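Participant: Pasting the sequence and the predicted model now:
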Amino acid sequence: MVSASTAGRTGTRTSAAAVDAARAEGRAALVAYLPVGFPDVEGSIEAAKALVDSGADVVELGLPYSDPTMDGPVIQRAVDAALAARTRPADVLRAVEAVAATGAAVLVMTYWPPVDRYGVSRFAADLAGAGAAGLITPDLIPDEAAEWIRASDEHDLERVFLVAPSSTPARLRSTAEACRGFVYAASLMGVTGARATVGAGARGLVERTRAAGAERVCVGLGVSTAEQTAEVAAYADGVIVGSAFVRCLLEAEDRASGVRRAAALAADLAAGVRQR
């Protein structure tokens, strides 16, 4: 079962605490994703802070990686630009520290190879030192995560694994048991990206994941509008939005206007999670 504890390291807000605080207000949490390094490192930090100011409860900061199997074309474009600008794990840690200073819960979303290359124990120590709540690892399953589970326990970090509509009851149980923070429920099979509708099986997946022992379940993939946010907030503990924010930055004529557009969208979606 996902740990009920919301206590973390001194001065670090956890995603569990953020989700629980939103629940106490009778709403779902808004979880916002941005990749570090786009349009540049400082720009991504500025944008992430603007999302917090506009109502995001949890921020996911993406560590750019060259083979992002879960990312759709919008996020891939931003990640490619970040990699071309030589964004590195040290930049991600610096971004974590800056955004965590706002008081928001900050998770790093990363594929596993960069963590493995960095050194799992070292990465966990540096992540905790920067003030992160923990990691979301879309390509790592609990069965293969023994080293990360040990390191995250040692440094009191949250670990967020994913479930999907195809997940078996056994997989749902093992994932719920291994997670700390929340379980990330992918609303559909496929990659990230804004869609006209949210995956039809999302509600059922949330129900099955809770039945498997998960205390907090947040839904991502395909959510981009206030209406979709309100729809998902009616049955999930958190609503995860990424591509829609990244698109604001990609399509802007300059950094400042991109940040403004992303902040306006965050305010709109924050209103959406309050419509449940």
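Facilitator: The structure has been received and is ready for your questions.
Participant: Who are the contact partners of F123?
Facilitator: Counting by CB atoms under 8 Å, 6 or more residues apart in numbering, F123 touches P89, V115, A151. Quick note: C-beta positions are derived from backbone N, CA and C, even for glycine.
Participant: Buried subset of the residues you listed as a PyMOL selection?
Facilitator: Buried subset of the contacts of F123, written as a PyMOL selection, criterion 16 or more other CB atoms under 10 Å:
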select buried, resi 89+115+151
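Participant: Redo the contacts of F123 as JSON lines? Include pLDDT.
Facilitator: Rendered in JSON lines, the data for the contacts of F123 read as follows (pLDDT from 0 to 100):
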{"residue": "P89", "pLDDT": "97"}
{"residue": "V115", "pLDDT": "97"}
{"residue": "A151", "pLDDT": "98"}
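Participant: Just the ones of the contacts of F123 in helices?
Facilitator: P89, V115, A151 (DSSP state H).
Participant: my guess is the second one contacts A151, does it?
Facilitator: If I follow you right, that is V115. No. With contact defined as CB atoms under 8 Å, V115 does not count as touching A151 (9.3 Å).
Participant: related to what we said a few turns ago, could the contacts of F123 go into TSV alongside distance to R216?
Facilitator: Below are those laid out as TSV (distance: CB to CB, whole Å):
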residue	distance to R216
P89	27
V115	23
A151	22
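Participant: quick one: which of the contacts of F123 is nearest to A185?
Facilitator: V115 (22.4 Å; CB to CB).
Participant: Skipping adjacent residues, who's closest to that closest one in space?
Facilitator: F123 (5.0 Å; CB to CB, 6 or more residues apart in numbering).
Participant: same thing with Y111?
Facilitator: Per CB to CB, 6+ apart, closest to Y111 is Y65, 4.6 Å.
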